[in-house]
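>>> Requesting a structural model of the entry that follows:
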Amino acid sequence: MILERILEHKKAELRHKQGRGYLSELKAKIQDAPGPLGFAVALDATRSATSPALIAEVKKASPSLGLLRPEFQEQFDPVGLAKSYLEHGASALSVLTDKDFFQGSLEYLWEIKQAVPLPTLNKEFMVDDVQFYEARAYGADAILLIVAALERRQLVDFYALARELSLDVLFETHHERELDRVLERIPDARMIGINNRDLKTFSTDLGVTFRLAKRIPADKLIVSESGIHKRDDVERLLEAGIHAMLVGESLIKADSIGSKIAELRGVPTGEVTPGKKQ
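Presented below is the predicted three-dimensional model:
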């Protein structure tokens, strides 16, 4: 199972980061850093009747597809990609930082945050406290908690640590039992993500969003993740009451990022809201 492989590898990777000196360095970096931007606030402010807010993902590769574009073998420009998302109206960013399975990097997150004024999610498999300090130190405004990857106690403790560090939290669910765990254990959870991709098989089904969205209280921000490729998908999300969509592969693999974003959001090509600096 892919998720189990990733988690085991992640735990082994983090054993090399357990030195007290490393955590002290991160805490010192956080102390000098500006406060995070409001990730959930940005999504809520930029969603509309014609389009959920767009979280555009900076992603080089995936375990199922490998490199998302052939040219990434020679050159991958995460800052340029993030700037393009900003220019064409993304509300927020998601940055993959897992190195071994997604060819991501915390450095990508840091470089993007120095150059692009959008709230940004650190897309990572969070299994240890040190990762939260890394996320904050490298400029993240929000982190992802994958419910399938965490014990119940971890879920509560990690949420508390994220809030202590002023990080917004996107809870990622795929099954009813995972959603119920969040709603029961974290009643003040603001953002509920529904991952249409099964992390055991990496297959996608947009129907997962339509099924789970019905169970989510009206005071939550609902984020649909993965498997969103065309305007028809977005219109179905709107009908289901979805507030935000996280899109990566269909943007990155498109011939024109601007045209693809315009198509998904249902706006004329070239019209920009809400992210571009004027």
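>>> ok, Ala142 - contacts?
Contacts for Ala142 (C-beta atoms under 8 Å, 6 or more residues apart in numbering) come out as Pro36, Phe39, Ala40, Pro119, Thr120, Leu121, Asn122, Leu167, Asp168, Val169, Leu170, Met191. In short, each C-beta sits where N, CA and C put it, glycine included.
>>> hey, what's it bridged with?
Per DSSP bridges, the residues bridged to Ala142 are Leu121, Asp168.
>>> I'd like the distance between Glu151 and Leu251.
To Leu251, Glu151 is 34 Å away according to C-beta to C-beta, to the nearest Å.
>>> who's more crowded, these two?
Leu251 (26 against 9; other C-beta atoms under 10 Å).
>>> what comes up buried for the helix or strand hosting the more buried one?
Using DSSP states H and E, Leu251 falls within helix 249-252. Going by neighbour count (16 or more other C-beta atoms under 10 Å), the buried part of helix 249-252 is Glu249, Ser250, Leu251, Ile252.
>>> for the stretch 101-250 of the chain, what spans make up the helices?
Counting by DSSP state H, counting those that start in this stretch, the segments of the stretch 101-250 of the chain that form helices are 106-115, 129-137, 152-164, 176-185, 207-213, 231-239, 249-252.
>>> and Leu54, helix, strand or coil?
Following DSSP: H, G, I helix; E, B strand; the rest coil, the label given to Leu54 is strand.
>>> count of residues packed around it?
Neighbour tally, Leu54, other C-beta under 10 Å: 28.
>>> Beta-bridge partners for it, please?
Met245.
>>> roughly how far apart are it and Ser94?
Distance from Leu54 to Ser94, counting by C-beta to C-beta: 10 Å.
>>> just to revisit the earlier point, and the helix holding Leu251, how far out from the chain middle?
14 Å (C-alpha atoms, centre = their mean, to the nearest Å).
>>> could you say which helix or strand contains the most centrally placed residue in the chain?
Using C-alpha atoms, centre = their mean, the residue of the chain that lies closest to the mean C-alpha position is Ser94, 4.1 Å off. Per DSSP H and E: Ser94 is located in strand 92-96.
>>> Which neighbouring elements make contact with that strand?
Under the contact definition 3 or more C-beta pairs under 8 Å, 6 or more residues apart in numbering; DSSP states H and E, strand 92-96 sits against helix 39-46, strand 53-58, helix 78-87, helix 106-115, strand 120-123.
>>> Identify all contacting residues around stretch 50-57.
Applying C-beta under 8 Å, 6+ apart, the external contacts of stretch 50-57 come out as 42-44, 46-47, 82, 85, 89-96, 121, 123, 223-224, 234, 237-238, 242-249, 251-252, 261, 264-267.
>>> Show the buried residues in these.
Buried among those by 16+ other C-beta under 10 Å: 42-44, 46-47, 82, 85, 89-96, 121, 123, 223-224, 234, 237-238, 242-249, 251-252, 261, 264-265, 267.
>>> Return the per-residue confidence for Thr273.
pLDDT recorded at Thr273 is 62.
>>> If I follow the layout properly, Thr204 ends up in contact with His229?
No. Look at Thr204 against His229 with C-beta atoms under 8 Å: they stay out of range, at 9.5 Å.
>>> residues in contact with Arg152?
For Arg152, counting by C-beta under 8 Å, 6+ apart, the contacting residues are Arg181, Arg185.
>>> Can you give me the pLDDT of it?
Predicted confidence (pLDDT) for Arg152: 94.
>>> for Tyr138, same thing?
With respect to pLDDT, Tyr138 scores 98.
>>> from memory it sits against Glu111, does it?
No. Contact status for Tyr138 versus Glu111: not in contact, 9.5 Å apart, counting by C-beta under 8 Å.
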